[in-house]
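K.L.:
Below: sequence and its predicted model.
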Amino acid sequence: MQVYDEGNEVSDTELAQRNPKSGTSGSSMRWAVFSRVMAAIVGAYVLTLLSIAVLALVLPMSRAESVLLSMLLSFLIYACAVLWVFATRSAWRAWCGMLLPSLLMAAGLGLWWSLK
């Protein structure tokens, strides 16, 4: 395959020699994509689940209304979390972005349950 760089024809090997980091192995890319997919499925699910619990407790309305509103907002939270996972620069950031808020919300819920 021929690539054109500023109007000049460049071969694949010459392009790879110019940018040695572009030659990542196929298996490492597969693992990175797999990690992001798992972060999107599992991490976003946990984040959404904990967000629903926190919102149901924090919203200043009747219990039934706050649960209903938090369940409706869960679709938006999950969709935004999945989009964010694939918009980050690395899989590490994706996992950190799912796990850190989840841990904070879990700690807050645990504290709330212990004080109740």
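P.N.:
Happy to help now that I have it.
K.L.:
gap between residue 49 and residue 43?
P.N.:
In this view, residue 49 and residue 43 are 11 Å apart by Cβ to Cβ, to the nearest Å. From N, CA and C alone the C-beta is placed, and that goes for glycine too.
K.L.:
Contacts only, for the spatially most central residue of the chain.
P.N.:
The C-alpha lying nearest the average C-alpha coordinate of the chain belongs to residue 85 (Cα atoms, centre = their mean; 2.6 Å). Contact partners of residue 85, counting by Cβ atoms under 8 Å, 6 or more residues apart in numbering, are 36, 39-40, 43-44, 94, 97-98.
K.L.:
So which of those residues sit within helices?
P.N.:
The helices, defined by DSSP state H, take in 36, 44, 94, 97-98 from those.
K.L.:
can I get those residues in CSV with distance to residue 109 and neighbour count?
P.N.:
Converted to CSV, the ones in helices among the contacts of residue 85 look like this (distance: Cβ to Cβ, whole Å; neighbours: other Cβ atoms under 10 Å):
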residue, distance to residue 109, neighbour count
36, 27, 19
44, 18, 23
94, 23, 25
97, 19, 19
98, 17, 24
